[in-house]
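*Asks:* Structure of the sequence below:
(3 chains)
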Amino acid sequence: MPVGASVVAVGIDVVAVDRFAAALARTPTLARRLFNPDEQVTATGHPRGPASLAARFAVKEAVAKALGVPAGMDWHDCRVVSELSGRPVLQVSQTVADAAAAQGITDWRISVSHDAGIAAAVVLAIGPARTESTP
Amino acid sequence: MPVGASVVAVGIDVVAVDRFAAALARTPTLARRLFNPDEQVTATGHPRGPASLAARFAVKEAVAKALGVPAGMDWHDCRVVSELSGRPVLQVSQTVADAAAAQGITDWRISVSHDAGIAAAVVLAIGPARTESTP
Amino acid sequence: MPVGASVVAVGIDVVAVDRFAAALARTPTLARRLFNPDEQVTATGHPRGPASLAARFAVKEAVAKALGVPAGMDWHDCRVVSELSGRPVLQVSQTVADAAAAQGITDWRISVSHDAGIAAAVVLAIGPARTESTP
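*Replies:* Residues are numbered from 1 along each chain as shown, chains lettered A, B, ... in the order given. Got it, this is the predicted structure:
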């Protein structure tokens, strides 16, 4: 039975908001490639601003790093959703869920911030580190 | 009996030092609202500079995020103190301690940094993740 | 028997890449004092650029913070190596390994990022938090 929980990996990412906004403007398909439709709008249905999108992208890059940048990772399988409180949480599926499962990762903790033109994210990949066969 | 320990939540915050310093200058009561008197001075009794204050504020914001931005949180209940080695540690009381206890958080780990006009903090909220009723 | 695993300490560090590059240029011996020879080149043997070196230095500073800035710490005893996937991992020896062992730290998790002229690193010092004498 697994007891305790441990940090399998950590990821950090820093994104320059203006560079990210310029990339989105330059490549109209980029936003769709990086984000699910519901990630691009706020809880009230308004389009997210560049800093908020950059912070969500920072989460995705931090997740990719925590996983060791798995081949074939689809950015859509790494979804940042906001709880009612506004707290961002991570939902993983398919390519990301598979890579996580292969490394014994069962849960995630994330946090984001932006100020001074910089968006930053930190993620923790959590798993049951050591299992005991207590009957 | 709780065995092991786990990360309940993570928080990150980035603060632009010049914007923070300008806010402190613009609103003379702000420093008092954000910091306890002992947080505003160094171990040797000198006033803390803007970068150091910004880093302490980043800790408080990161704690607020880790807790899901609890209503009624008093910034004074989230105190950053320096150990003799200079290592910052977090002391929580009342509103912050209550919000932490409600989420099973029993301990904190924090770290701060500032350079390039940016202060950053990361905090980990620690708790006994899984409890076992071993008699 | 140790069950579970816990985070003994966290460290974050932010480095302004241009300031770090200027310091390296100003003091020719600095790179050798901070880095092992193999840390200064990429996996393919090319010299690392300033942003990459700054990120590795940020790891070392974050490790120092997580350890409480132990006296006599030699930067060479805190080695950042890249796995084949490119994922950076930490190898500690002598002064850093001793300081870690004294605090019950048995493992590390690290991550780095750079953008917008900033290099950032976060490190987690991991240890078996609570031991049980289950026979």
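
*Asks:* so where do the strands sit in chain A?
*Replies:* Along chain A, the segments classed as strands by DSSP state E run A:6-16, A:78-82, A:88-92, A:107-115, A:118-127.

*Asks:* okay, the ones you listed, which one's buried deepest?
*Replies:* Mean neighbour count (mean count of other C-beta atoms under 10 Å in any protein chain shown) peaks for strand A:118-127 among the strands of chain A, with a mean of 27. To be clear about C-beta, it is placed using only N, CA and C from the backbone, and glycine gets the same treatment.

*Asks:* strands paired with that strand, and their directions?
*Replies:* Here strand A:118-127 is paired, per DSSP bridges, with strand A:6-16 (antiparallel), strand A:107-115 (antiparallel).

*Asks:* Adding distance to residue C:106, write those strands out as JSON lines.
*Replies:* Output for these, formatted as JSON lines (distance: least, C-beta to C-beta, whole Å):
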{"stretch": "strand A:6-16", "distance to residue C:106": "11"}
{"stretch": "strand A:107-115", "distance to residue C:106": "21"}
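
*Asks:* Out of those, flag the one nearest residue C:39.
*Replies:* Nearest to residue C:39 among the strands paired with strand A:118-127 is strand A:6-16 (19.1 Å), distances taken as C-beta to C-beta.

*Asks:* so does whichever helix in chain A runs longest get close to chain C?
*Replies:* In chain A, with assignment by DSSP state H, the single longest helix is helix A:50-66. Yes. Applying C-beta under 8 Å from any C-beta of the partner chain, one finds helix A:50-66 touching chain C at A:61, A:62, A:65, A:66.

*Asks:* who in chain A is up against chain B?
*Replies:* Within reach of chain B by C-beta under 8 Å from any C-beta, chain A has these residues: A:2-7, A:83, A:85-87, A:109-116, A:118, A:120-124, A:126, A:129.

*Asks:* so where's chain A shaky on pLDDT?
*Replies:* Counting by pLDDT under 70, chain A has low-confidence residues at A:1-5, A:129-135.

*Asks:* ok, residue A:118 to residue C:50 distance?
*Replies:* Applying C-beta to C-beta, to the nearest Å, the value for residue A:118 to residue C:50 is 18 Å.

*Asks:* and if you look at residue A:44?
*Replies:* To residue C:50, residue A:44 is 43 Å away according to C-beta to C-beta.

*Asks:* Residue A:125 now?
*Replies:* The gap separating residue A:125 from residue C:50 is 29 Å, by C-beta to C-beta.

*Asks:* cool, and residue A:58?
*Replies:* 22 Å.

*Asks:* neighbour count winner among these two?
*Replies:* Comparing residue A:58 with residue C:50 by other C-beta atoms under 10 Å in any protein chain shown, the one with more neighbours is residue A:58, at 31 against 19.

*Asks:* For the more buried one, which residues are in contact?
*Replies:* By C-beta atoms under 8 Å, 6 or more residues apart in numbering or on different chains, the contact set of residue A:58 is A:13, A:14, A:15, A:112, A:119, A:120, A:121.

*Asks:* farthest-separated two in those residues?
*Replies:* Longest distance between any two of the contacts of residue A:58 is 11.1 Å, between A:14 and A:112; criterion C-beta to C-beta.

*Asks:* any residues in contact with both of these two?
*Replies:* Counting by C-beta under 8 Å, 6+ apart, the shared contacts of residue A:14 and residue A:112 are A:58, A:119, A:120.

*Asks:* Out of those residues, which comes closest to residue C:79?
*Replies:* residue A:120 (25.5 Å).

*Asks:* ok, what's across the strand from that closest one?
*Replies:* Bridge pairing for residue A:120 (DSSP bridges) gives the partners residue A:14, residue A:113.

*Asks:* Verify the stated contact: it with residue A:11.
*Replies:* No. The criterion here is C-beta atoms under 8 Å, and residue A:120 misses it with residue A:11 at 11.3 Å.

*Asks:* Convert stretch A:10-26 to CSV, retaining C-alpha atoms only.
*Replies:* Extracted C-alpha coordinates of stretch A:10-26, given in CSV (Å, rounded to 0.1, in the frame of the first residue of the first chain):
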residue,chain,number,x,y,z
VAL,A,10,9.8,19.8,-10.5
GLY,A,11,9.5,22.2,-13.4
ILE,A,12,10.0,25.9,-13.7
ASP,A,13,9.4,28.1,-16.7
VAL,A,14,9.8,31.8,-17.3
VAL,A,15,8.2,33.5,-20.4
ALA,A,16,8.7,37.0,-21.6
VAL,A,17,5.1,38.2,-22.1
ASP,A,18,5.9,40.6,-25.0
ARG,A,19,7.8,38.0,-27.0
PHE,A,20,5.1,35.5,-26.4
ALA,A,21,2.4,38.0,-27.5
ALA,A,22,4.4,38.8,-30.6
ALA,A,23,4.7,35.1,-31.5
LEU,A,24,0.9,34.7,-31.1
ALA,A,25,0.3,37.8,-33.3
ARG,A,26,2.8,36.6,-35.9
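
*Asks:* Off-centre distance for that stretch?
*Replies:* Its chain's C-alpha centre lies 14 Å from the corresponding centre of stretch A:10-26 when counted by C-alpha atoms, centre = their mean, to the nearest Å.

*Asks:* contacting residues around the residue nearest to residue A:124 when sequence neighbours are not counted?
*Replies:* Spatially, and ignoring its direct neighbours in sequence, residue A:124 is nearest to residue A:109 (4.3 Å; C-beta to C-beta, 6 or more residues apart in numbering or on different chains). Contacts for residue A:109 (C-beta under 8 Å, 6+ apart) come out as A:123, A:124, A:126, B:7, B:8, B:9, B:10.

*Asks:* Report the separation between residue A:109 and chain C.
*Replies:* With distances taken as C-beta to the nearest C-beta, to the nearest Å, residue A:109 is found 11 Å from chain C.
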